[in-house]
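Peer 1: Sequence and predicted structure are below.
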Amino acid sequence: MGKSGVLLALITTSILTTACWPYATPCPMIAQASVVSVTVARDYVPEVKTLHLMACQDGTCKEADLELFPGTASVDQGCAPDGVCSATASPDGTMMGMLMLDSLTEAPMALTATGTAPDGAALPVRTLDFRPRGAYPYGEQCGRFVSASVVLDAKGLREKP
C-alpha cells in the first residue's frame, strides 16, 4: 500500500471514529427561577383586585403582595415547508402573579393566599399543602428543574396540571 493508500485509510478511520464518538448533548443556557407562580382563573379574575401570597417550605416562609399581569396561552401558527414551526402568545383572560423565593425544592410547601375584591372586601383565605414538581425538560444531562405552579379560583387553590 502506497502513501496515498495509508493516507486514505487514516482519514477514513478518523472520520468513522469521530462520527461515533459520544459527544455531550448541549443544554440551554438558562437558569431556573425559584418562584411560586399563581394563575387566577378566568372566571375568578373579576373577583380579585389584589392578591397576597405566603409560601412556607423547609421552615422558611416568604410572603408578598403579587403584581398581577395578564396570562397568555400559546397559539400554534403551524410549520413552514422547511420544518420551522412557530407559535404566538395570546391573552387568555387569566391573571398571573409570581412570588420570588430564595430557594425551591421538592419538599412539601404550604401556601396561603389572601387579597381583596374590587369593592374592597376581603377575599376568602385559601390554603394549599403540596409538593413542587421536579422534571428534566431538557434531558437528564441538563439537570433537574423544580416548579411550583398553582391556580386560584372560586373553590380555592389547587396545583396547576
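Peer 2: Looks like it arrived, so ask away.
Peer 1: Next, the buried residues of the helix or strand where Gly115 lies.
Peer 2: According to DSSP states H and E, Gly115 maps onto strand 109-116. For strand 109-116, the neighbour count (16 or more other C-beta atoms under 10 Å) marks Met109, Leu111, Thr112, Ala113, Thr114, Gly115 as buried. C-beta here means a position set from N, CA and C on the backbone, and glycine is covered the same way.
Peer 1: same question, stretch 88-107
Peer 2: Counting neighbours by 16+ other C-beta under 10 Å, stretch 88-107 gives Thr94, Met95, Met96, Gly97, Met98, Leu99, Leu101, Leu104 as buried.
Peer 1: about what we covered before: quick check: angle from the helix or strand following the strand holding Gly115 to strand 109-116?
Peer 2: As assigned by DSSP H and E, the chain's next helix or strand after strand 109-116 is strand 126-130. For strand 126-130 against strand 109-116, the angle by axes from the mean of the first three to the mean of the last three C-alpha atoms, to 10 degrees is 160 degrees.
Peer 1: I'd like the numbering to begin with 169 instead of 1 from here.
Peer 2: OK, 169 is where the count begins now, so the last one is strand 294-298.
Peer 1: average pLDDT across strand 294-298?
Peer 2: Confidence over strand 294-298 (mean pLDDT, whole number) is 98.
Peer 1: so where do the helices sit in this structure?
Peer 2: Secondary structure of the chain (DSSP state H): helices located at 171-188.
Peer 1: mind checking which helix or strand of it has the lowest mean pLDDT?
Peer 2: helix 171-188 (a mean of 47; mean pLDDT, DSSP states H and E).
Peer 1: where in the protein is pLDDT low?
Peer 2: Where the chain drops to pLDDT under 70, the residues are 169-192.
Peer 1: sorry, back to before: neighbouring contacts of the strand holding Gly283?
Peer 2: For strand 277-284, the external contacting residues (C-beta atoms under 8 Å, 6 or more residues apart in numbering) are 204, 206, 216-225, 290-291, 293-300, 316, 318, 320, 325.
Peer 1: Are any of those residues buried, and if so which?
Peer 2: 204, 206, 216, 218-223, 225, 291, 294, 296, 300, 316, 318, 320, 325.
Peer 1: thought Gln200 was touching Tyr306?
Peer 2: No - with contact defined as C-beta atoms under 8 Å, Gln200 does not reach Tyr306; the gap is 11.1 Å.
Peer 1: Of these two, which one has the most company?
Peer 2: Tyr306 (14 against 11; other C-beta atoms under 10 Å).
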